[in-house]
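Student: Sequence plus the predicted model coming up.
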Amino acid sequence: MSDRRPTAKHLITGALTAAALVASGGAIANEKLSSMADDPNNWIMWGGDYSGQRYSQLDQINADNADQLQPVWTFSTGVLRGHEGGPLVKGNMMYIHTPFPNKVFAINLDTKMIEWKYEPSQNPDVIPVMCCDTVNRGLAYHPNGTIFLQQADTTLVALDAKSGEVKWEKVNGDPDKGETNTNAPLIIKDMVITGISGGEFGVRGYATAYSVEDGSQVWRAYSTGPDDEMLMDPEKTMDAATGKPVGKDSSLKTWKGDQWKIGGGTTWGWFTYDPEANLVYYGTGNPSTWNPNQRPGDNKWSMTIFARDADTGMAKWAYQMTPHDEWDYDGVNEKILVDQKIDGKDRKLVVHFDRNGFAYTQDRMTGELLVAKKYDPAVNWATEVDMETGRPQVVDKYSTEVQGEDTNVKNICPAALGSKDQQPAAFSPKTGLFYVPTNHVCMDYEPFAVDYTAGQP
């Protein structure tokens, strides 16, 4: 697989690639998907639509009759592991995915019969390098009649939606290095956007765009490292925490030596998209290693919200929520796009409920931080987010670095699974409220020194 990510020297090539995508009907694909999402009888992407609001207009089930719900029919996938993410629905067809080995079922909702089943053959050795169960968070659908599955062994598969036959497949990573996949891809124009898992194994995170037609790589943007590999422009990419350009080597300067090469910042969560701005939004996970004493500095750009140009992958802005993370608060939770008033002014917003216990509201065009507040009052690792610097104010008592190696720091809130884990929130345009599944769990945390071995945690 050739790596055709654009660099600072190849922006013209990236622009031509983008133009070719638009000319081939990419914008039409967005319109078709948006139209399908507008039909409440469909559930055409993981979040219902590009905004990730997970709001349904269906009202047959409501507060008056929900207590009368009862099973009508059931279906067993035959896989006894964690099932995360929901099925896709288009018309009378439902597409269901499973954990490893990542089966896909196409079920006719009129007949309740299986139209086709895809069951890949994967090496079971991938299971030990999957951090937190063998889950898969969902499928993607393209209007050309293709279902996309991101397998655990990192193989991205394009399936014919009518027959289940494989159109093409591409390898997105290397399980021998600890790289796996658990995320739901997202279709943008004629590209499929996907991430990578494995921060616990020293994987250097990245997001990748592949061509829907043949699986060729359009761009790849790393979470850490040199500017050209991160697709960051030192003069044009904005640091949303400061409101200034990120500057040259913004990531390299925040790592000790070459540790950025095993720096984590993986992208195992959700992607959302603003078609009008042509920006894709996602988050990066914890830095590696877990022990903060072994990686001095802010460790950019782990624990970060990115807004990237969908055609080229170039970062428009970035905001690091938990600099120099000491608690494993992955920043991958979904970015929900809403239009609301802030201080009486209409704003285009991106809202994020982070595992660190803070909820962030930002201008999704510029990244300007507008609100950053705890959504669980039990959060104690930081008192607040300084709105001038964008940085959390860490409490020494709960700092695993301040307390030092081989010290068991007790009662840190939240625990590593976060005040909210990967289960997505929802937004209702009727009420203007967010509905957030939360955890109320604290932890003890003791860092100790480790050496890096590829494929080992």
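Tutor: Yep, that arrived.

Student: hey, let's count contacts and neighbours off CA atoms from now on
Tutor: Noted.

Student: contacts for stretch 145-157?
Tutor: 100-102, 122-123, 126, 130, 134, 136, 138-141, 158-162, 166-175, 179-185, 194, 196 (C-alpha atoms under 8 Å, 6 or more residues apart in numbering).

Student: quick one: the strands in the stretch 251-400 of the chain?
Tutor: Assigned by DSSP state E, counting those that start in this stretch, the strands in the stretch 251-400 of the chain fall at 272-274, 279-283, 304-309, 315-320, 335-342, 345-353, 358-363, 369-374, 382-385, 392-394.

Student: Tabulate those strands (TSV), appending mean neighbour count.
Tutor: Output for the strands of the stretch 251-400 of the chain, formatted as TSV (neighbours: other C-alpha atoms under 10 Å):
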stretch	mean neighbour count
strand 272-274	23
strand 279-283	26
strand 304-309	24
strand 315-320	25
strand 335-342	20
strand 345-353	19
strand 358-363	21
strand 369-374	18
strand 382-385	18
strand 392-394	15
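
Student: among those, which is nearest Pro71?
Tutor: strand 335-342 (31.4 Å; C-alpha to C-alpha).

Student: Within the sheet, what are the partner strands of the closest one, with directions?
Tutor: Its sheet considered, strand 335-342 pairs with strand 345-353 (antiparallel) by DSSP bridges.

Student: Report the inter-axis angle for the partner strand versus strand 358-363.
Tutor: 150 degrees (axes from the mean of the first three to the mean of the last three C-alpha atoms, to 10 degrees).

Student: please begin residue numbering at 32 from this point
Tutor: Happy to do that; since the first residue is 32 now, the last one works out to strand 376-384.

Student: now the contacts of stretch 176-188: which count as buried?
Tutor: Among the contacts of stretch 176-188, those classed as buried by 16 or more other C-alpha atoms under 10 Å are 131-133, 157, 161, 165, 167, 169-172, 189-192, 200-201, 203-204, 206, 210-216, 225, 227.

Student: re earlier: including mean pLDDT and distance to Met125, could the strands of the stretch 282-431 of the chain go into JSON lines?
Tutor: Output for the strands of the stretch 282-431 of the chain, formatted as JSON lines (pLDDT from 0 to 100; distance: least, C-alpha to C-alpha, whole Å):
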{"stretch": "strand 303-305", "mean pLDDT": "98", "distance to Met125": "22"}
{"stretch": "strand 310-314", "mean pLDDT": "98", "distance to Met125": "26"}
{"stretch": "strand 335-340", "mean pLDDT": "98", "distance to Met125": "31"}
{"stretch": "strand 346-351", "mean pLDDT": "98", "distance to Met125": "35"}
{"stretch": "strand 366-373", "mean pLDDT": "96", "distance to Met125": "25"}
{"stretch": "strand 376-384", "mean pLDDT": "97", "distance to Met125": "29"}
{"stretch": "strand 389-394", "mean pLDDT": "98", "distance to Met125": "33"}
{"stretch": "strand 400-405", "mean pLDDT": "98", "distance to Met125": "38"}
{"stretch": "strand 413-416", "mean pLDDT": "98", "distance to Met125": "43"}
{"stretch": "strand 423-425", "mean pLDDT": "98", "distance to Met125": "43"}
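
Student: Is it possible to get those strands out as TSV so that each row also shows distance to Thr462?
Tutor: Shown next, in TSV, are the strands of the stretch 282-431 of the chain (distance: least, C-alpha to C-alpha, whole Å):
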stretch	distance to Thr462
strand 303-305	22
strand 310-314	24
strand 335-340	26
strand 346-351	28
strand 366-373	12
strand 376-384	16
strand 389-394	18
strand 400-405	19
strand 413-416	27
strand 423-425	30
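
Student: between those strands, which gets nearest to Lys275?
Tutor: Closest among the strands of the stretch 282-431 of the chain, once you apply C-alpha to C-alpha, is strand 346-351, at 9.7 Å.

Student: Could you write out the alpha-carbon coordinates of that closest one in PDB?
Tutor: What follows is strand 346-351, C-alpha atoms only, in PDB (Å, rounded to 0.1, in the frame of the first residue of the first chain):
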ATOM      1  CA  ALA A 346      -5.400  20.700  10.200                       C
ATOM      2  CA  LYS A 347      -7.300  23.900  10.500                       C
ATOM      3  CA  TRP A 348      -7.200  24.000  14.300                       C
ATOM      4  CA  ALA A 349      -6.300  21.800  17.200                       C
ATOM      5  CA  TYR A 350      -7.100  22.000  20.900                       C
ATOM      6  CA  GLN A 351      -5.400  19.800  23.500                       C
END
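
Student: Go through the buried ones among the contacts of stretch 176-188 and flag which are in helices.
Tutor: Under the assignment DSSP state H, the buried ones among the contacts of stretch 176-188 contribute nothing to helices.

Student: In strands, which of those fall?
Tutor: Using DSSP state E, the members of those that fall in strands are 171-172, 189-191, 200-201, 225.

Student: Including distance to Gly388 and pLDDT, could those residues go into CSV?
Tutor: What follows is these, written out as CSV (distance: C-alpha to C-alpha, whole Å; pLDDT from 0 to 100):
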residue, distance to Gly388, pLDDT
Ala171, 29, 98
Tyr172, 32, 98
Ala189, 37, 98
Leu190, 38, 98
Asp191, 41, 98
Glu200, 38, 97
Lys201, 36, 98
Thr225, 26, 98
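
Student: Can you give me every residue that contacts the residue lying closest to Tyr391 once chain neighbours are set aside?
Tutor: In space, and not counting its chain neighbours, Tyr391 is closest to Ala403: 4.6 Å by C-alpha to C-alpha, 6 or more residues apart in numbering. Applying C-alpha under 8 Å, 6+ apart, we find Ala403 in contact with 389-392, 415-416, 418.

Student: Nearest residue to Trp301 in space, ignoring adjacent ones along the chain?
Tutor: Glu365 (5.0 Å).

Student: which phi and psi does the one you found have?
Tutor: phi -60, psi 150 (degrees, to the nearest 10).

Student: now do Pro445
Tutor: Dihedral angles (degrees, to the nearest 10) for Pro445: phi -80, psi 180.

Student: Contact partners for it?
Tutor: 386-388, 409-412, 471-474.

Student: Check the spacing between the residue nearest to Trp301 and Val381 real quick.
Tutor: 10 Å (C-alpha to C-alpha, to the nearest Å).

Student: Ok, Asn322 next?
Tutor: From Asn322 over to Val381 (counting by C-alpha to C-alpha), the distance is 31 Å.

Student: What of Val369?
Tutor: Where Val381 is concerned, Val369 sits at a distance of 6 Å (C-alpha to C-alpha).

Student: related to what we said a few turns ago, switch the ones in strands among the buried ones among the contacts of stretch 176-188 over to CSV; also include distance to Val467.
Tutor: CSV is the format used below for these (distance: C-alpha to C-alpha, whole Å):
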residue, distance to Val467
Ala171, 24
Tyr172, 26
Ala189, 32
Leu190, 33
Asp191, 35
Glu200, 35
Lys201, 35
Thr225, 24
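
Student: Beyond the lowest-mean-pLDDT helix or strand in the chain, next helix or strand please.
Tutor: Every helix and strand of the chain was ranked by mean pLDDT, DSSP states H and E. The lowest is helix 42-54, at a mean of 39. Note on helix 42-54: by DSSP states H and E, the next helix or strand toward the C-terminus is helix 57-69.
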